[in-house]
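Build me a structure from this.
(one chain, ligands or ions: 1)
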Amino acid sequence: MRDQDNPEPRALSVRQPWAQLIVQGAKDVENRSRSTRHRGRLYIHAATRLACVPSARELLVKAHFPEGISDLPRGAVIGTVDLIGCYPHGPDCVICRVSPWASEHYTWHWVLAHPVQFDAPAPMLGQMGVWSSAALAELSGSRV
Ligand SMILES: [Zn+2]
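Numbers count the residues shown, from 1 in each chain. So this is what the prediction gives:
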């Protein structure tokens, strides 16, 4: 069922609470050590492992998600964003100037837009980097 208008879906695994904040639109930059050529719809997969963030609860309350970090869905695709650009961090970095989520400790800023949170998480295995899988293709097909 794939054609040029419906290319193979791509996903990115992100640890909680970052994944939740991304699909809610609270976090608009994902910092990575690598770039990607992918642009457009990117499924956000909440990784099994939690990020180690002391301020996570505060961030979640700000994002109107007051439940604890351990209640967040994990091991599931929880929504989509559009990946609109990858920008290298450097001197006079524009992304660092415009987003509080840009971190100077990473080489690349992935800029995200148009977040959509799914009503129900879709459990599946994640992978490193930008990935695709049969389960993701099935999910994508069911949501066209
Ligand atoms: Zn930067």
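
how near is Pro123 to Arg32?
According to CB to CB, to the nearest Å, Pro123 and Arg32 sit 24 Å apart. Where you see a C-beta, it was placed from the backbone N, CA and C, and this is true even at glycine.

Mind giving me the packing neighbours of the top helix by length along the chain?
Longest helix of the chain, by residue count under DSSP state H: helix 134-142. Here helix 134-142 touches strand 40-50, going by 3 or more CB pairs under 8 Å, 6 or more residues apart in numbering; DSSP states H and E.

So for stretch 34-47, first residue to last residue, what's the gap.
Stretch 34-47 stretches 18 Å from its first residue to its last (CA to CA, to the nearest Å).

Pull out the buried positions in it.
His38, Arg41, Leu42, Tyr43, Ile44, His45, Ala46, Ala47 (16 or more other CB atoms under 10 Å).

how distant is the lowest-mean-pLDDT helix or strand in the chain from the center of its chain?
The weakest-scoring helix or strand in the chain, judged by mean pLDDT, DSSP states H and E, is helix 56-62 (a mean of 76). Here helix 56-62 is found 17 Å from its chain centre; the criterion is CA atoms, centre = their mean, to the nearest Å.

for stretch 61-71, same thing?
Centroid separation between stretch 61-71 and its chain, computed with CA atoms, centre = their mean, is 17 Å.

Buried ones in it, by neighbour count?
Within stretch 61-71, the residues scored as buried using 16+ other CB under 10 Å are Ala63, Phe65, Ile69.

and that stretch, C-alpha only, in CSV?
C-alpha atoms of stretch 61-71 as CSV (Å, rounded to 0.1, in the frame of the first residue of the first chain):
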residue,chain,number,x,y,z
VAL,A,61,3.4,19.6,35.5
LYS,A,62,4.2,22.5,33.2
ALA,A,63,3.1,20.4,30.3
HIS,A,64,-0.2,19.6,32.2
PHE,A,65,0.8,16.0,32.8
PRO,A,66,1.0,15.9,36.6
GLU,A,67,1.3,12.1,36.9
GLY,A,68,4.6,10.8,37.8
ILE,A,69,7.3,10.0,35.3
SER,A,70,6.9,6.3,36.0
ASP,A,71,3.3,6.5,34.8
